[in-house]
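Peer 1: below are the sequence and a predicted model; questions follow.
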Amino acid sequence: MEYPDLKRAVRDLRQTFGANVVLIEDSSSGMPLVQELNREGPGAVIPCKAEGDKEMRLRTQTALIEAGRVYLPTSAPWLEDYLHELTMFPNSKHDDQVDSTSQFLDWFTVPRMKGWGIYEATRRQALALQAREESWVRLKAPPGLFGSVQTLTGRHANLDDDRTVVVCEEDAEHLSGQGWTRIGPAPVPKELQPEPECPYAKGCVEHAAWQEEQKRRSEAVSRQTIWSCEK
């Protein structure tokens, strides 16, 4: 589709469905379209950065879909073709609707409101407090799955190089039924652990020694985790 036709199609679809936000893939042809449509208004047009291939992007959203958190209308002119493309993927003739679905779900599950940084910091602190009471499990992904996974509890977790990931017991039970292999208990994920506060003034000798000790402990925990997985 030529650029003028593509631009016209976006405007028509936005008007047809009354969309106040439009996502466009952040690509060489997409960015000029984003900039031009934002200048014209109304409504926000947001660039969406795609990571990995289409199959991987959909796999990361399967937990959200299987948990029943994605809703479709009972009837619509486009519904039959959409479901056919979605259920036949990756062997369907077309996959644009599948890819737009996975990119939307990825964008929708990450907060984008004003003050998102404060929200995210507070959320992590709450998770850290909750993490102390939860048990954590290391799982291995099914063959062919790389990248990351969207868990039942809403956590977006990246897979390690050995294709394993640490999740809470609730997520482990859900993923175990989807072909994931339970390896064993694991420590609280590093990103959910509260950051220790240094008792010394920044710049002094004690502060530098404290930082070095924290780094050593972190590396020791990583080595212990890897050893446990290999065992």
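Peer 2: Sure, I can see it. Numbering: from 1, shown residues only.
Peer 1: what about T164, how many neighbours?
Peer 2: The burial metric for T164, expressed as a neighbour count using other CB atoms under 10 Å, is 18. To be clear about C-beta, it is placed using only N, CA and C from the backbone, and glycine gets the same treatment.
Peer 1: ok, it - contacts?
Peer 2: R138, L139, K140, A141, I183, C229 (CB atoms under 8 Å, 6 or more residues apart in numbering).
Peer 1: and what of M56?
Peer 2: Counted by CB under 8 Å, 6+ apart, M56 has contacts L145, F146, G147.
Peer 1: spatially central residue for this structure, please.
Peer 2: H156 (4.3 Å; CA atoms, centre = their mean).
Peer 1: check it and give its pLDDT.
Peer 2: Reading off the confidence values, H156 has pLDDT 82.
Peer 1: now swap in G41 and tell me
Peer 2: The confidence metric pLDDT takes the value 66 at G41.
Peer 1: how about R138?
Peer 2: At R138 the predicted local confidence, pLDDT, stands at 92.
Peer 1: residues near it, how many?
Peer 2: Burial measure for R138: 22 neighbouring residues, criterion other CB under 10 Å.
Peer 1: how much space separates the residue lying closest to P90 once chain neighbours are set aside from G144?
Peer 2: Using CB to CB, 6 or more residues apart in numbering and skipping residues adjacent in sequence, the residue nearest P90 is E55, 5.1 Å away. For E55, the distance to G144 under the criterion CB to CB, to the nearest Å works out to 9 Å.
Peer 1: next: F89.
Peer 2: Using CB to CB, we find F89 at a distance of 14 Å from G144.
Peer 1: the more surrounded of those two?
Peer 2: When neighbours are counted by other CB under 10 Å, F89 comes out ahead of the other of F89 and G144, with 18 against 9.
Peer 1: ok, the nearest residue to the more buried one once chain neighbours are set aside - contacts?
Peer 2: If the residues on either side of it in the chain are set aside, F89 comes closest to V98, at 4.7 Å by CB to CB, 6+ apart. The neighbourhood of V98, defined by CB under 8 Å, 6+ apart, consists of K54, L58, E85, L86, F89, S92.
Peer 1: tell me the buried residues in the helix or strand that contains V98?
Peer 2: Assigned by DSSP states H and E, V98 falls within helix 96-108. Along helix 96-108, the positions that meet the burial threshold by neighbour count (16 or more other CB atoms under 10 Å) are Q97, V98, D99, T101, S102, Q103, L105, D106.
Peer 1: how many residues are close by P4?
Peer 2: For P4, the count of nearby residues is 8 (other CB under 10 Å).
Peer 1: part of a helix, is it?
Peer 2: Yes: counting by DSSP: H, G, I helix; E, B strand; the rest coil, one finds P4 located in a helix.
Peer 1: how near is it to P142?
Peer 2: 44 Å.
Peer 1: sorry, back to before: can you pick the most crowded of the contacts of V98?
Peer 2: Going by other CB under 10 Å, L58 tops those with 22 neighbours.
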